[in-house]
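Enquirer: predicted model and sequence below, questions to follow.
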Amino acid sequence: MKALLVGTVLFFGAFAMAQTGVVERSKNGKSVVNFRGQNVAPGTRVAVDTGMSSRPATAGGLQKRDHSLNWSVIYSNMKDDTNGFSLDRNNMGVAASYLWNRGFWEIGGGLSFSQTKTGNAEASTNGFHGAGRWNFVANKPGNDMIPYVGGLYGLLSGDVSGNQMAINGGVSWLPFSEIFAIDASLSYVMEERKGAAGPTTKTKGFSIGTGWRILF
């Protein structure tokens, strides 16, 4: 009975004193573990999670970032060239996309809608695009400012049809280190468009975009 009582006290004492730490660095089979202000004596044996839990571990317990849903508002100032005749074109649009995140690179696609004004003429355009980006800082928990460069290729339909290519750069900022991010970007855009009747119009110009994303 005495042995049983001692064993019970030791078991619950060890359970009450259990702490969760974060591995800060590891080399040659040795690791430095941060127990967040708790003093742990050298030589103390520490149990390591084998990864059998249903949710993968992330830095500091933050949410993972394997996927993202993105929304943005885009303003473009373009120049149309139709058989040597040029016109300025202002374009306001919205876009939504999905990206699969692998840390330093992301790939996916999405949809867009824009309203175009060229001179006195207006037109609505729908777009479907594939996109990718390269992150200068890995988009992983713990990194909250992610500068990037990227590109997209899209197909246009609606009042005009054609194709679109763009190269872009920008930054994603996670102000709360969790699932919400604010995006800002600058793009150089090239398009070939054609209406229901008429010659092909080639377009070049810049666009700026701002929006937000949800990561999970």
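Expert: That came through fine. All of these numbers come straight from a predicted model, not from anything done at the bench.

Enquirer: where along the chain do the helices fall?
Expert: Counting by DSSP state H, the chain has helices at residues 2-16.

Enquirer: and the gap between the residue most central in space within it and residue 186?
Expert: In the chain, the C-alpha nearest the mean C-alpha coordinate belongs to residue 68, at 5.5 Å (CA atoms, centre = their mean). For residue 68, the distance to residue 186 equals 20 Å [CB to CB, to the nearest Å]. Yep, even glycine has a C-beta here, placed from its N, CA and C like the rest.

Enquirer: and for residue 104?
Expert: Distance from residue 104 to residue 186, by CB to CB: 21 Å.

Enquirer: residue ranges with poor pLDDT in this protein?
Expert: The model of the chain has pLDDT under 70 over residues 1-25, 27-29, 35-41, 43-61, 118-119, 197.

Enquirer: show me the beta-bridge partners of the closest residue in space to residue 117 that isn't next to it in sequence.
Expert: Nearest residue to residue 117 in three dimensions, chain neighbours excluded: residue 90, at 5.2 Å (CB to CB, 6 or more residues apart in numbering). Per DSSP bridges, the residues bridged to residue 90 are residue 77, residue 117.

Enquirer: swap in residue 72?
Expert: Beta-bridge pairing for residue 72 (DSSP bridges): residue 95, residue 211.

Enquirer: so the residue nearest to residue 117 sits against residue 74, correct?
Expert: No. If you go by CB atoms under 8 Å, residue 90 and residue 74 don't touch, sitting 11.6 Å apart.

Enquirer: more neighbours, these two?
Expert: Shown here are residue 90 and residue 74; by other CB atoms under 10 Å, residue 74 has more neighbours (19 against 13).

Enquirer: how about that one: what's its closest non-neighbour residue?
Expert: Nearest to residue 74 is residue 209, by CB to CB, 6+ apart, at 4.3 Å.

Enquirer: verify the stated contact: the one you found with residue 172.
Expert: No. Contact criterion CB under 8 Å: residue 209 and residue 172 do not qualify, at 11.9 Å.

Enquirer: out of the two, which sits in the busier spot?
Expert: residue 172 (26 against 20).

Enquirer: any idea what that one is bridged to?
Expert: Counting by DSSP bridges, residue 172 is bridged to residue 146, residue 183.
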